[in-house]
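**Student:** Quick one: sequence plus predicted model below, questions after.
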Amino acid sequence: MKQAESVSDFYNRLPSHAPTDVPLNNAGIGHINVFTRESCAVVSPYSRRDFYKVSLIIGKGKIYYADKWIQIDRPALLFSNPVVPYSWEAESDQQSGWYCLFTEDFIQHSERVNNLRDSPLFKIGCNPIFFPDEAQLNELSTIFLKMQSEMCSTYPHKYDVLRSYLHLLIHEAMKNNPATNFHTYAKASSRVSALFLELLERQFPIDSPALILKLKNPADYATALSVHINHLNRSVKEVTGKTTTAHIAARITKEAKALLQHTDWNIADIAYSLGFEYPSYFTIFFKKHAGLAPTQLR
């Protein structure tokens, strides 16, 4: 039940980036790594990541969010966090720059973390893309080069140094106004609806009683897609003719039938794995949507 791309997933998707001597807890608490963009993927999948990322993009392309996109036609500094899903599509063969990925634990270990609550790294709802001028581009490039060098050093406090460089990147961005030239999709409702249905399907199958359905209602899906719940509900209803709640209930019912017919899990385990606090709640739900009790189907 994949909710977001993990650091391990990232390295599996890009084997050439997988470090041979850098463990996933390389900073003692958390993980950080720095890469050049010359070998970056032409297209990255639309998804959430469970790590943070700061990218200095030099090369043309587009960044897609659930309900908007932006043209990258000059050097740009991009901040991404685990809350907001996005995808990248390169439009030029020449791609350069750098990016740094790190986990929540790595940044939380900083004594100055409270100073970053209003930064583009943490703030939800702000525009996370900045277009630096030439002087700022040179400064940002220098910081990334120093981060790359520090990653290879044997200095015992190098991760504290890397945190300091990360703070510098963030503060360089905060000196500027974020990009505002986002575009909306010609068929925004169709895109949001398609992303919802794809995310809904990705929650299944439930392979173990220990796995619990995490996205249970329209609000959960709106949060995962980083769109307003009213926008999600309106889009799904407009495109499919059914409500978001109806789609979720139908898919949970379908999974419940499969678990009842093809596993030996008891009904309490099935109810729990599908997100119901009590088996009685599951029984009421199943009767309503399947027309019979779970025990009758089994």
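**Tutor:** Perfect, I can see it now.
**Student:** Identify the residues contacting the closest residue to residue 219 other than its chain neighbours.
**Tutor:** In space, and not counting its chain neighbours, residue 219 is closest to residue 229: 5.4 Å by Cβ to Cβ, 6 or more residues apart in numbering. In short, each C-beta sits where N, CA and C put it, glycine included. Residue 229 is in contact with 218, 219, 222, counting by Cβ atoms under 8 Å, 6 or more residues apart in numbering.
**Student:** my read: the last one touches residue 235, true?
**Tutor:** No: at 10.4 Å, residue 222 does not count as touching residue 235 under the criterion of Cβ atoms under 8 Å.
**Student:** Between the two, point out the one with more neighbours.
**Tutor:** Per other Cβ atoms under 10 Å, whichever of residue 222 and residue 235 has more neighbours is residue 235, with 24 against 21.
**Student:** so that one sits right up against residue 187, yeah?
**Tutor:** No: under the criterion of Cβ under 8 Å, residue 235 is not in contact with residue 187, lying 9.7 Å apart.
**Student:** quick one: the strands in the stretch 51-200 of the chain?
**Tutor:** 52-58, 61-64, 69-72, 76-80, 86-90, 96-102, 129-130 (DSSP state E, counting those that start in this stretch).
**Student:** Any idea which of those strands gets closest to residue 257?
**Tutor:** strand 86-90 (33.4 Å; Cβ to Cβ).
**Student:** What strands line up against that closest one, and which way round?
**Tutor:** strand 43-47 (antiparallel), strand 61-64 (antiparallel) (DSSP bridges).
**Student:** Could you give me the buried positions within the last one?
**Tutor:** Along strand 61-64, these residues count as buried under the neighbour rule (16 or more other Cβ atoms under 10 Å): 61, 63, 64.
**Student:** what about the first one, distance to residue 231?
**Tutor:** It refers to residue 61. With distances taken as Cβ to Cβ, to the nearest Å, residue 61 is found 26 Å from residue 231.
**Student:** likewise residue 141?
**Tutor:** 38 Å.
**Student:** At which residues are the helices of the stretch 151-298 of the chain located?
**Tutor:** Applying DSSP state H, counting those that start in this stretch to the stretch 151-298 of the chain gives helices spanning 158-174, 188-202, 218-225, 229-240, 244-262, 267-273, 279-290, 294-297.
**Student:** closest to residue 54 out of those helices?
**Tutor:** Comparing those under Cβ to Cβ, the one sitting nearest is helix 158-174, at 5.5 Å.
**Student:** so where is the protein shaky, pLDDT-wise?
**Tutor:** Filtered on pLDDT under 70, the chain yields the residue ranges 1-3, 19-22, 109-125.
**Student:** Tell me which residue lies nearest the centroid of it.
**Tutor:** residue 48 (1.4 Å; Cα atoms, centre = their mean).
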